[in-house]
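In: Can you look at this prediction? I've put the sequence above it.
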Amino acid sequence: MPDVARFLRSFFVISLSLAVLSCAPVSHTALTGGSRAADVVGPRKVIALLPDARSVTQIRAAARAEGYRELDVTRLRALDLTMVTFRMADGVTGPEAIAALEGAVPASTVGINHAYRFQQQASAARSLDYAAEMMSWTPGGCRALAPIGVIDAAIDASSPALAGAQIRTRSFFDGPAAATSHGTDVAHILVGPDRLRDARIYGANVFGQSDGRGPKAGADALVRALDWLAEEDVHFVNLALAGPYNKLLDLAVERATSRGLILVAAVGNEGPEVDPLYPAGFERVIAVTAVDVSGRLYRNAVRGPHVDVAAPGVEVLVPSGSGARFVTGTSIATPFVTARLAADPSLRNTRDVAAVRRQLSRTSAELGPAGRDPMFGYGLALADGLCGD
């Protein structure tokens, strides 16, 4: 890729002063109330995913026996599951509720409603709009060859920058939507002037609550959103959010990817010392990290052997009202990779995440040690020569 090499030499000063970290084993303590378990949506909720009608009947009986109150039942047709939500009795902890219900109904998958958050922050600096050139996008962009799902906050389809896209939206929470432009920012990057044309976007709004740390989405909302996108037969799904391991989400990701959805997720912004965040930490998900204009890793990016690929994510220019602003985070890098996959003719009929990884390994530009590494994965995702029209 001589053009890319010349660009990197002339425009970047690659810095590899960051040491390659060995990754500690993944901790799943959050599953049963570990260090991350406090970040939840609805602290008294416990949620069960059931594979058949018999197990639904059994879990209801077991919950009544424990003094739990049934809050909601949702049939997830595309994932072939039923989700039942209960309010735990006072004095019962999440781990206790999980143990009691799974012990009574072994076919069930039971968990608490972990929270997932945006991986984006406002930026103060004013850099050039470097991302399209850095990834070697064709001027004018490429035609989207497959429908794209966006599990995020609401997308403002009236934005002039989204005029060329077909956008369908649904919400997966009760109450008012979070006041944030995050979902619209992601859509702007997908269909920016040098990214995708004729895009079909299915926007799943999962952010309906806020707290002192900002908007958050429950695992139950993510599960419902994945079911909708699988039902609509969406090909690529962008998840610019991250949170702790959750076995409800784990099962939903397994079912969705088995249906052929290719999930692309942000590795997260909690720094180099934390265990993998999810859904990027799942083996069946493409995990995206962020780099700056000089090819340096975003300092707050999570690292580890699960990292697949890097994309621009530091001081990236996005439309904002009648002007523009700069944003930073692994959330911002993720839609660049989703757009690159959706424009690739060789992936048009691919429903296998292993095949997507092979394509990324062949077409990305090295930024770190040879091969896949825990900082940059396979390197910088490139879009040169993709357009099939």
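Out: Yep, that arrived.
In: now the stretch 101-250 of the chain, which segments are flagged as low pLDDT?
Out: 120-129 (pLDDT under 70).
In: Tell me which stretches of it form helices.
Out: 131-135, 182-190, 219-231, 247-258 (DSSP state H, counting those that start in this stretch).
In: Which of these has the highest mean neighbour count?
Out: Mean neighbours per residue, mean count of other Cβ atoms under 10 Å, is largest over these for helix 182-190, with a mean of 27. For the C-beta atoms, the positions are set from N, CA and C on the backbone; glycine is no exception.
In: quick one: contacts of that helix?
Out: For helix 182-190, contacts defined as Cβ atoms under 8 Å, 6 or more residues apart in numbering pick out 118, 120, 148, 150, 152-156, 159, 161-162, 165, 167, 195-196, 199, 201, 203, 205, 207, 215, 238, 240, 316, 318-319, 327, 331-332, 334-336, 338-339, 342.
In: Put the alpha carbons of it into PDB.
Out: The C-alpha coordinates for helix 182-190 follow below in PDB (Å, rounded to 0.1, in the frame of the first residue of the first chain):
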ATOM      1  CA  HIS A 182     -24.300  10.900  20.300                       C
ATOM      2  CA  GLY A 183     -26.500   8.800  18.000                       C
ATOM      3  CA  THR A 184     -26.600  11.600  15.500                       C
ATOM      4  CA  ASP A 185     -22.800  12.000  15.600                       C
ATOM      5  CA  VAL A 186     -22.400   8.300  14.800                       C
ATOM      6  CA  ALA A 187     -24.800   8.600  11.900                       C
ATOM      7  CA  HIS A 188     -23.000  11.700  10.600                       C
ATOM      8  CA  ILE A 189     -19.700   9.700  10.500                       C
ATOM      9  CA  LEU A 190     -21.300   6.800   8.700                       C
END
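In: ok so, going back, nearest to Arg372 among the helices of the stretch 101-250 of the chain would be which one?
Out: Evaluated with Cβ to Cβ, the helices of the stretch 101-250 of the chain place helix 131-135 nearest to Arg372, the distance being 18.8 Å.
In: was I right about Val316 contacting Thr330?
Out: No: look at Val316 against Thr330 with Cβ atoms under 8 Å: they stay out of range, at 11.4 Å.
In: Among those two, which residue is more densely surrounded?
Out: Set Val316 next to Thr330 and count neighbours by other Cβ atoms under 10 Å: Thr330 wins out with 33 against 29.
In: tell me the contacts of the residue lying closest to that one once chain neighbours are set aside?
Out: Using Cβ to Cβ, 6 or more residues apart in numbering and skipping residues adjacent in sequence, the residue nearest Thr330 is Ala266, 3.9 Å away. By Cβ under 8 Å, 6+ apart, the contact set of Ala266 is 119, 239-242, 280, 288, 329-331, 333-334.
In: same question, Ala324
Out: 317-318.
In: redo that, cut-off 6 Å
Out: Applying Cβ atoms under 6 Å, 6 or more residues apart in numbering, one finds that Ala324 lies in contact with Leu317.
In: any idea how far it is from Val318?
Out: Ala324 sits 6 Å away from Val318, going by Cβ to Cβ, to the nearest Å.
In: which residues are in contact with stretch 87-107?
Out: By Cβ under 6 Å, 6+ apart, stretch 87-107 touches 32-33, 44, 46, 51, 55, 58-59, 62, 66-69, 71, 108, 110, 112.
In: can you rerun that using 8 Å?
Out: Contact with stretch 87-107 is made by 32-33, 37, 44-46, 48, 50-52, 55, 58-59, 61-63, 65-69, 71, 86, 108-112, as judged by Cβ under 8 Å, 6+ apart.
In: Give the buried residues for that stretch.
Out: Neighbour-count burial for stretch 87-107 flags 88, 94, 96-98, 100-102, 104-105 (criterion: 16 or more other Cβ atoms under 10 Å).
In: Dead centre of the protein: give me the residue that sits there.
Out: Central residue of the chain (Cα atoms, centre = their mean): Leu239, 2.1 Å from the mean position.
In: number of nearby residues for the closest residue to that one other than its chain neighbours?
Out: Excluding its sequence neighbours, the residue lying closest to Leu239 (Cβ to Cβ, 6+ apart) is Ala265, at 4.1 Å. Applying other Cβ under 10 Å, we find 31 residues neighbouring Ala265.
In: One more: Arg200?
Out: Arg200: 18 neighbours (other Cβ under 10 Å).
In: same question, Val40
Out: So Val40, with other Cβ under 10 Å, has 22 neighbours.
In: same question, Arg348
Out: Neighbours of Arg348 using other Cβ under 10 Å come to 12.
In: From Pro193, how far out is it?
Out: According to Cβ to Cβ, Arg348 stands 23 Å off from Pro193.
In: now swap in Leu71 and tell me
Out: Leu71 is 45 Å from Pro193, where distance means Cβ to Cβ.
In: where does Val337 land in three-state SS?
Out: The assignment at Val337 comes out as helix when based on DSSP: H, G, I helix; E, B strand; the rest coil.
In: wait, doesn't it sit right on Leu263?
Out: No: using Cβ under 8 Å, Val337 is not in contact with Leu263; the gap is 11.3 Å.
In: so what's in contact with these two at the same time?
Out: Taking Cβ under 8 Å, 6+ apart as the criterion, Val337 and Leu263 both touch Ile286.
In: the more surrounded of those two?
Out: A count of neighbours by other Cβ under 10 Å puts Val337 above the other of Val337 and Leu263, at 28 against 25.
In: tell me the pLDDT at that one?
Out: Val337 is assigned 98 on the pLDDT scale.
In: tell me the contacts of it?
Out: With Cβ under 8 Å, 6+ apart, Val337 has these contacts: 264, 286, 288, 309, 311, 381.
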